[in-house]
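Chemist: everything below, folded, please.
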Amino acid sequence: MIVFSAGLPLYRYHVISGTAAITEIIQVYVASVRNRRLKLPEDSDDLYEIDRDKEAGVHIEFLPHRDNLRFLDKAAIQTSPDFEDSKSANPWKLCRVTQVENAKTILGMIPIFCCTIIMSTCLAQLQTFSVQQGITMDTTISHNFHIPPASLPIIPIAFMIIIIPLYDQIAVPFIRKYTGHPTGITHLQRIGVGLVLSAISMGTAALIEVKRKNAARSHNMLNAIPVLQPLPISVFWLSFQYFIFGIADMFTYVGLLEFFYSEAPKGIKSISTCFLWSSMALGYFFSTVLVQIVNQATKANTKSGGWLAGNNINVNHVNLFYWLLAILSLINFFCYLFFATRYQYRHQTTVSNKEMKEVVKD
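Modeler: Sure, this is the predicted structure:
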């Protein structure tokens, strides 16, 4: 509190610019509903946009018209004679083309956002059940040192610290030679790679859980006391699923953050990162709901009252739950493909490898 209070006189307070930008986007949705009965002009140049020359002294963003989500274009249909300036129009009935394009971008980003929630659900379950699995396994590193199972979630973070620099310095320049894209692959492609790896990670987790349960069964240790009676299988077997998910994390979450920041309208770039954290939060909430649904659906077919019910993980069906997550992840990926292939970027840039080197030198 003392350190925080000491900096109070130095803090800068300013109005968040995102407030006005969000209002402008809402105006597009309202205006498009109000103008829903109007017919779109054949030429998109007839849609309303302020004159660049008249507004030359003002820092205003201008975006070209795109042909997707045409129903939102109705917000830019002029129903009265030409306006002398931008202040003459009712913003809740008539919006600029740039406003409409920003609203299209936000609407197009929502399905992408929703398709990343399942991956966060997988992460939540991986962190939860891997700790429970680790408690039953051999945690010995040396004669006098044991790795705490609760520290296992550090593994993907450690992998990311190593992999991200290698990816940026080696993989990106190599891929850029063939794609001409500044980041090697597009943000949406990067997210898609992570979603596939997430499904593979869940499949790997299921196979490792089968191996762990087989070790318990073959040594007659299904009712062994965790920690006190560790199974004859190393806890480091769990690092495989974490390694794969760490790579998935690097692709999807980093790609998602870059995607939202680069595609978000100028006025709300500063708050665009909330999409990433909201996706993770919803994924963690959904993980709790999913466990309850699975236990309820499998209650009649298991002695413990559900796949994940009970305190003995050796007799539970965590492996089947991991397979369920893998299947859900694959279904989610195909849904993602549907929306990602139809998404139109605000700005699509390609550069040669020579041009990128010149930019780096400058």
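
Chemist: which stretches of the protein have low pLDDT?
Modeler: For the chain, the stretches with pLDDT under 70 are 12-19, 51-59, 80-88, 347-362.

Chemist: so which other helices or strands are in contact with the longest helix along it?
Modeler: Longest helix of the chain, by residue count under DSSP state H: helix 187-218. When contacts are defined as 3 or more C-beta pairs under 8 Å, 6 or more residues apart in numbering; DSSP states H and E, helix 187-218 packs onto helix 117-136, helix 239-263, helix 318-340. Where you see a C-beta, it was placed from the backbone N, CA and C, and this is true even at glycine.

Chemist: what residues does the helix or strand that the longest one is followed by touch?
Modeler: In other words, helix 239-263. Per DSSP states H and E, the first helix or strand lying C-terminal to helix 239-263 is helix 274-298. For helix 274-298, contacts defined as C-beta atoms under 8 Å, 6 or more residues apart in numbering pick out 109, 113, 116-125, 128, 253, 256-257, 260, 305-309, 317, 321, 324.

Chemist: mind giving me the PyMOL command for buried ones among these?
Modeler: Remark: buried members of the contacts of helix 274-298, expressed as a PyMOL selection using 16 or more other C-beta atoms under 10 Å:
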select buried, resi 109+113+116+117+118+119+120+121+122+123+124+125+128+253+256+257+260+306+307+308+309+317+321+324
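
Chemist: follow-up on the earlier one: of all the helices and strands packed on helix 187-218, which one is nearest Ala171?
Modeler: Ala171 lies closest to helix 239-263 among these, at 10.7 Å (C-beta to C-beta).

Chemist: return the distance of the closest one from the chain's centre.
Modeler: On the basis of C-alpha atoms, centre = their mean, to the nearest Å, helix 239-263 sits 8 Å off its chain's mean C-alpha point.

Chemist: helices and strands around that helix, which ones?
Modeler: Helix 239-263 packs on helix 97-114, helix 117-136, helix 154-166, helix 187-218, helix 274-298, going by 3+ C-beta pairs under 8 Å, 6+ apart.

Chemist: buried set for it?
Modeler: Buried-residue list, helix 239-263, by 16+ other C-beta under 10 Å: 239, 241-260, 263.

Chemist: next: stretch 280-291.
Modeler: Neighbour counts over stretch 280-291 (16+ other C-beta under 10 Å) mark 280, 282-284, 286-287, 290-291 as buried.

Chemist: same check on stretch 218-231?
Modeler: Within stretch 218-231, the residues that qualify as buried are 221, 224, 226, 230-231, counting by 16+ other C-beta under 10 Å.

Chemist: of those, which is the nearest to Leu195?
Modeler: Lowest distance from Leu195 to the buried residues of stretch 218-231 (C-beta to C-beta) belongs to Leu231, with 32.2 Å.

Chemist: in three-state terms, label the closest one for me.
Modeler: At Leu231 the chain is in coil, as set by DSSP: H, G, I helix; E, B strand; the rest coil.

Chemist: got the contact list for it?
Modeler: Neighbours of Leu231 in contact, by C-beta under 8 Å, 6+ apart: 136-138, 212, 215-216, 219, 221, 224.

Chemist: mind running it again at 6 Å?
Modeler: 136-137, 215-216, 221 (C-beta atoms under 6 Å, 6 or more residues apart in numbering).

Chemist: which one of these sits closest to His181?
Modeler: Nearest to His181 among the contacts of Leu231 is Met137, at 42.9 Å by C-beta to C-beta.

Chemist: which non-adjacent residue is nearest that closest one?
Modeler: The shortest distance from Met137 to any non-neighbouring residue, by C-beta to C-beta, 6 or more residues apart in numbering, is to Val235 (4.2 Å).

Chemist: how much space between the one you found and Thr136?
Modeler: Distance, Val235 to Thr136, using C-beta to C-beta, to the nearest Å: 9 Å.

Chemist: just Asn319 next, same as before
Modeler: Separation of Asn319 from Thr136 (C-beta to C-beta): 14 Å.

Chemist: more crowded one of those two?
Modeler: Ranked by neighbour count (other C-beta atoms under 10 Å), Asn319 and Thr136 place Thr136 first, with 25 against 18.

Chemist: correct me, but that one touches Ile225?
Modeler: No. The criterion here is C-beta atoms under 6 Å, and Thr136 misses it with Ile225 at 9.1 Å.

Chemist: okay, now the residue nearest to Met137: neighbour count?
Modeler: 24.

Chemist: how far away from the center of its chain is stretch 212-219?
Modeler: Chain-centre distance of stretch 212-219: 37 Å, with C-alpha atoms, centre = their mean.

Chemist: with stretch 169-184 instead?
Modeler: Distance of stretch 169-184 from its chain centroid, counting by C-alpha atoms, centre = their mean, is 22 Å.

Chemist: start and end of it, how far apart?
Modeler: 11 Å (C-alpha to C-alpha, to the nearest Å).
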